[in-house]
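**Q** Below: sequence and its predicted model.
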Amino acid sequence: GAVVSQHPSWVICKSGTSVKIECRSLDFQATTMFWYRQFPKQSLMLMATSNEGSKATYEQGVEKDKFLINHASLTLSTLTVTSAHPEDSSFYICSARPPGTNTGELFFGEGSRLTVL
Amino acid sequence: GIQVEQSPPDLILQEGANSTLRCNFSDSVNNLQWFHQNPWGQLINLFYIPSGTKQNGRLSATTVATERYSLLYISSSQTTDSGVYFCAVGGYKLSFGAGTTVTVRA
C-alpha cells in the first residue's frame, strides 16, 4: 500500500506557542490531503482538506485562523496550530490517496500527538 | 452529513473465538474502509470495500451497499487483534464511526 508519514510523532509545547506538523506522501504524489483530529477514546473528526497550490477547505466549526494548512508541494502538507492552548491537545492524523479515482483507498499517517501545557 | 453507526461499542472475546462487527450508514457511498487502530494510534488499513466481499487471512468483510451496511468478521481471534476497529464511509472524504473496542483475552 501507499505510505504516508507524519512528523513529529510527539510534541509538547507551552501555551501560546505555535506548533507545525508535517504530512508527507512518500511514494506517490497527492494533490489533496485530509487532516483529522482525535480526542482520547473518541472517533476521528475531519478538520480540513488540504489542496496543493490553493487554499484549504475547512469543515464547519473548525477555526481556519487557529489551524493553518499549507500544501506547498505534491508530497507535503503542513498543519500549524497557532497560539496553542491546552484544549488543542489532541491526536492529529493526516491522510492521502494515490492518484486515480477521487474515491479510492485512503492511507493514513502515524499521527502526531500534541500536548499543550 | 452521512451518519455512521458501529456495533457493538465494546466486545470482549476469548482467544480463538469468532466475532462480527457491524457498520450501518445512512446514505449511498463510493468508499468504505475498515481500519484497526493500534495502541500507538496508527490506523492500519484492513479493507477497502465499497461493495462485495473480501478476505485477508483471518479477517473478512462484506458490504451490502444497497442495504447500507458492512460487516467485519474476525475468526480465531488472537490477543494481537485487540484494539479499536473503525468503519469509515463516504466518497472523496471519509466519515468515521465511533468504533468498536475489541479485547481478546488469552
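**A** Perfect, thanks for sending it.

**Q** and the residue nearest the centre of chain A, how far is that from chain B?
**A** Nearest to the geometric centre of chain A sits residue A:35, at 3.6 Å (CA atoms, centre = their mean). For residue A:35, the distance to chain B equals 11 Å [CB to the nearest CB, to the nearest Å]. From N, CA and C alone the C-beta is placed, and that goes for glycine too.

**Q** Compute the distance between that residue and residue B:36, please.
**A** Per CB to CB, to the nearest Å, residue A:35 is found 21 Å from residue B:36.

**Q** same thing with residue B:48?
**A** Going from residue B:48 to residue B:36 by CB to CB gives 14 Å.

**Q** and residue B:59, what does it touch?
**A** Residues counted as contacts of residue B:59 (CB atoms under 8 Å, 6 or more residues apart in numbering or on different chains) are B:46, B:47, B:72, B:73, B:74, B:75.

**Q** Ok, residue B:74 next?
**A** Residue B:74 neighbours (CB under 8 Å, 6+ apart): B:13, B:18, B:19, B:20, B:21, B:58, B:59, B:81, B:102.

**Q** Which of those residues fall within helices?
**A** If you go by DSSP state H, the contacts of residue B:74 have nothing in helices.

**Q** before we move on, the earlier item: which of the contacts of residue B:59 fall within strands?
**A** B:46, B:47, B:72, B:73, B:74 (DSSP state E).

**Q** The fourth one: neighbour count?
**A** When you say that, I think you mean residue B:73. 15 (other CB atoms under 10 Å in any protein chain shown).

**Q** With adjacent residues omitted, what lies nearest to it?
**A** Sequence neighbours aside, residue B:60 is the residue nearest to residue B:73 in space, at 4.7 Å (criterion: CB to CB, 6 or more residues apart in numbering or on different chains).

**Q** number of nearby residues for that neighbour?
**A** Counted with other CB under 10 Å, residues neighbouring residue B:60 total 17.

**Q** any idea how far it is from chain A?
**A** Counting by CB to the nearest CB, the gap between residue B:60 and chain A amounts to 17 Å.

**Q** what does residue B:1 give?
**A** 9 Å.

**Q** How far away from the center of its chain is stretch A:41-61?
**A** 8 Å (CA atoms, centre = their mean, to the nearest Å).

**Q** Just the buried residues of it, please?
**A** For stretch A:41-61, the neighbour count (16 or more other CB atoms under 10 Å in any protein chain shown) marks A:43, A:44, A:45, A:46, A:47, A:48, A:49, A:50, A:52, A:56, A:58, A:59 as buried.

**Q** Kindly report the same for stretch B:52-67.
**A** Judged by neighbour count (16+ other CB under 10 Å), stretch B:52-67 contains these buried residues: B:59, B:60, B:61, B:62, B:63, B:65.

**Q** Show the pLDDT at the fourth one.
**A** We have a pLDDT of 98 for residue B:62.

**Q** ok, now which ones touch it?
**A** Residue B:62 touches B:49, B:52, B:53, B:70, B:71, B:73, counting by CB under 8 Å, 6+ apart.
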